[in-house]
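Engineer: Give the three-dimensional model of this entry:
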Amino acid sequence: MDVYRRHLPMHGGAGHLSPDEPRALKVWDGFACIPAGTAENLPAARARANSTDPGAFADEQ
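Structural biologist: This next block holds a predicted model:
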């Protein structure tokens with residue numbers, strides 16, 4: 001588990017609410033969570049966050 005990823009609703013609130021809302025994607029850089037892109041909805045965010053592919057965040061910095 002050397003890759004830490006998370007996703008949050010763009011406009012706050014609980015993660016399970018509004019599953020069709022966009023999500024902000026973040027990755028752990030060893031010091032802090034940094035922005036790594038967006039996902040169009042909750043299923044897409046979960047798929048990208050749970051991916052074992054390190055390049056799963058296409059717009060990752």
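Engineer: Going by C-alpha atoms from here, please, whenever you check contacts or count neighbours.
Structural biologist: Will do.
Engineer: give me the element Leu17 is part of.
Structural biologist: For Leu17, there is no host helix or strand (DSSP states H and E).
Engineer: typo on my end, it should be Ile34
Structural biologist: According to DSSP H and E, Ile34 maps onto strand 33-39.
Engineer: Determine the set of other helices and strands touching that strand.
Structural biologist: strand 23-28 (3 or more CA pairs under 8 Å, 6 or more residues apart in numbering; DSSP states H and E).
Engineer: returning to that earlier point: just after the strand holding Ile34, pick out the following helix or strand.
Structural biologist: Scanning forward in sequence from strand 33-39 by DSSP H and E, the next helix or strand is helix 42-49.
Engineer: Quick check: which helices or strands does that following helix pack against?
Structural biologist: Applying 3+ CA pairs under 8 Å, 6+ apart, we find helix 42-49 packed against strand 5-9, strand 23-28.
Engineer: If I take the strand holding Ile34 and helix 42-49, what angle do their directions form?
Structural biologist: If you take axes from the mean of the first three to the mean of the last three CA atoms, to 10 degrees, strand 33-39 sits at 130 degrees to helix 42-49.
Engineer: Okay, now the unreliable bits of the chain?
Structural biologist: Along the chain, the model assigns pLDDT under 70 to residues 1-5, 9, 11-16, 52-61.
Engineer: mind running it again at 50?
Structural biologist: Applying pLDDT under 50 to the chain flags residues 1, 60-61.
Engineer: wait, what's in contact with the closest residue to Leu42 other than its chain neighbours?
Structural biologist: Using CA to CA, 6 or more residues apart in numbering and skipping residues adjacent in sequence, the residue nearest Leu42 is Pro19, 4.9 Å away. By CA atoms under 8 Å, 6 or more residues apart in numbering, Pro19 lies in contact with 41-43.
Engineer: Pro19 and Ser51: what is the separation?
Structural biologist: Remark: distance between Pro19 and Ser51 (CA to CA, to the nearest Å) = 19 Å.
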